[in-house]
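Novice: Dropping a prediction and its sequence here:
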Amino acid sequence: MWDTLWVDANLATMREGGAPYGAIQRGAVAAKDGRIAWAGYAADLPGHAVDLAREVRRCDNAWITPGLVDCHTHLVFGGDRAREFEMRLEGKSYEEIARAGGGIISTVAATRAASREDLAASAAKRLAGLTRDGVTTVEIKSGYGLDLENEIKMLEAAGELAARGGVRVKRTFLGLHALPPEFKDDRAAYVQLTADVMIPAIAAAGLADAVDAFCENIGFTAEEVDYVFSSAVANGLAVKLHAEQLSNQNGAALAARYKALSADHLEYLDDAGIHAMAQAGTVAVLLPGAFYFLRETQLPPIQKLRAAGVSMAVASDCNPGTSPMTSPLAALNMACTLFRLTPEEALAGMTREGARALGMLDDAGTLDVGNACDLAVWDVKSPAELCYWLGAPLLRERVLAGRVA
Ligand code: NIG
Ligand code: FE
């Protein structure tokens, strides 16, 4: 006997290789002990629905997808950057503002001043935006504390969101996000602190699953990232990288050398970086919200990534500076309109490929038996509608570990 059975539904299983979207029309999904126990054509069910499960949920021909996986966010932070938005509208660039001590550093000040409870409370509001769009797994980065105490505070706030239930959270330590003001005359000391003190402490406390860095002319050099990545690996953490967002720093190739889960942004990625990512199986995480918000004109090399067989994920990059966007569905729309992804690629980017970018493909991202039963049930007539509407309330029901959340 299954716990719950969803019927009168169409499934976008997002399995690779078969029909577009891995579609199964007139399908059914069953949950047992929080996992997908059955998924297929309703006609193949081994009996009458009411005899098979304790609860039968009828879906009026809705589409069911895997719960969305938003694999790159900076959901936890203090304050906002609306003033910086105004400055950029007056003609200042993101880099100019950062070099003048604004940008990420202004969020660092606000984050240091906030309590863990404040951070969790403000992040919970943004998280509500994500879950309203069907997200069941979210990655959350630190990187606005930039010292051990405040980085831990951020990661604990992210942990608190997970502990409240309603969403799965993967946490990433982003020590090399910006140079904190107290180290402005000693970069090497901050890189060392990150690699030799913060990573071992955070890993030992089980506060993060991965380590990220911002490899950029206003961030950190490939050499500095290399040093921090070796510590990550030595401490048993996965790595990923903000790479080639504003300029080409050969960050993606470095990430690939470390078998990184993902390299993210990638507007300035070159052929050597693409090749290295393809060889390493590093996922390209596309962040159209940041592209849009910064009014970037250089597109990530989508066609070349496709041709090289690099997996492409799509994420919101929700953050106060470059992507103050709490709608993953809006990111799907932007991935299609701005980056020319097909709706199927975009939706795969926020399900299967998002899960791949978090190293959890064997548990999430597709409607495969054995995966966690995390579902999004949508009032749409085709999966492409999820990428087509902008701001429409499409979610009918969200399911986490087999329970309607
Ligand atoms: O993903 N590029 C670095 N990190 C963020 C921006 C952070 C910020 O501006 O606060 C990003 O774009
Ligand atoms: Fe980011």
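Specialist: Arrived safely. Just so you know, these numbers come straight off a predicted model, no measurement behind them. Ligands and ions are numbered 1, 2, ... in the order given.
Novice: lowest average confidence, helix or strand, in this protein?
Specialist: Here the helix or strand of the chain ranked lowest by mean pLDDT, DSSP states H and E is helix 94-99, holding a mean of 91.
Novice: What residues does the stretch 151-300 of the chain have near ligand 1?
Specialist: Remark: the part of the stretch 151-300 of the chain in contact with ligand 1 comprises 214, 242, 245, 290, using CB under 6 Å from any ligand atom. Where C-beta positions appear, they are placed from N, C-alpha and C, glycine not excepted.
Novice: Which ones among those residues map onto strands?
Specialist: The strands in this structure, assigned by DSSP state E, contain 214, 242 from these.
Novice: Now do the same contact list for residue 43.
Specialist: Remark: with contacts taken as CB atoms under 8 Å, 6 or more residues apart in numbering, residue 43 is in contact with residue 26.
Novice: Now do it against residue 308, distance only.
Specialist: Here the distance between residue 43 and residue 308 works out to 40 Å (CB to CB, to the nearest Å).
Novice: where do the helices sit along the stretch 101-250 of the chain?
Specialist: When secondary structure is read from DSSP state H, counting those that start in this stretch, the stretch 101-250 of the chain shows helices at 104-113, 116-132, 148-163, 187-192, 199-204, 222-234.
Novice: Dump those helices into TSV; add mean pLDDT and distance to residue 141 as well.
Specialist: Compiled in TSV, the helices of the stretch 101-250 of the chain are given as follows (pLDDT from 0 to 100; distance: least, CB to CB, whole Å):
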stretch	mean pLDDT	distance to residue 141
helix 104-113	97	12
helix 116-132	98	12
helix 148-163	98	8
helix 187-192	98	17
helix 199-204	98	12
helix 222-234	98	14
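Novice: and the ones you listed as JSON lines, adding distance to residue 312 and mean neighbour count?
Specialist: Shown next, in JSON lines, are these (distance: least, CB to CB, whole Å; neighbours: other CB atoms under 10 Å):
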{"stretch": "helix 104-113", "distance to residue 312": "26", "mean neighbour count": "20"}
{"stretch": "helix 116-132", "distance to residue 312": "20", "mean neighbour count": "18"}
{"stretch": "helix 148-163", "distance to residue 312": "25", "mean neighbour count": "20"}
{"stretch": "helix 187-192", "distance to residue 312": "31", "mean neighbour count": "16"}
{"stretch": "helix 199-204", "distance to residue 312": "29", "mean neighbour count": "18"}
{"stretch": "helix 222-234", "distance to residue 312": "22", "mean neighbour count": "19"}
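Novice: SS state for the residue of the stretch 251-400 of the chain found nearest ligand 1?
Specialist: With CB to the nearest ligand atom as the measure, residue 321 is the residue of the stretch 251-400 of the chain nearest to ligand 1, at 2.2 Å. Of the three states, residue 321 takes coil according to DSSP: H, G, I helix; E, B strand; the rest coil.
Novice: dump the residue contacts of it.
Specialist: Contact partners of residue 321, counting by CB under 8 Å, 6+ apart, are 81, 84, 94, 103, 104, 107.
Novice: next SSE after whatever helix or strand residue 255 lives in?
Specialist: Here residue 255 sits within helix 251-257, counting by DSSP states H and E. Sequence-wise, the next helix or strand beyond helix 251-257 is strand 262-265, with elements assigned using DSSP H and E.
Novice: What confidence value was assigned to residue 102?
Specialist: In this prediction, residue 102 carries a pLDDT score of 88.
Novice: Next, count neighbours for it.
Specialist: The burial count assigned to residue 102 is 18, neighbours taken as other CB atoms under 10 Å.
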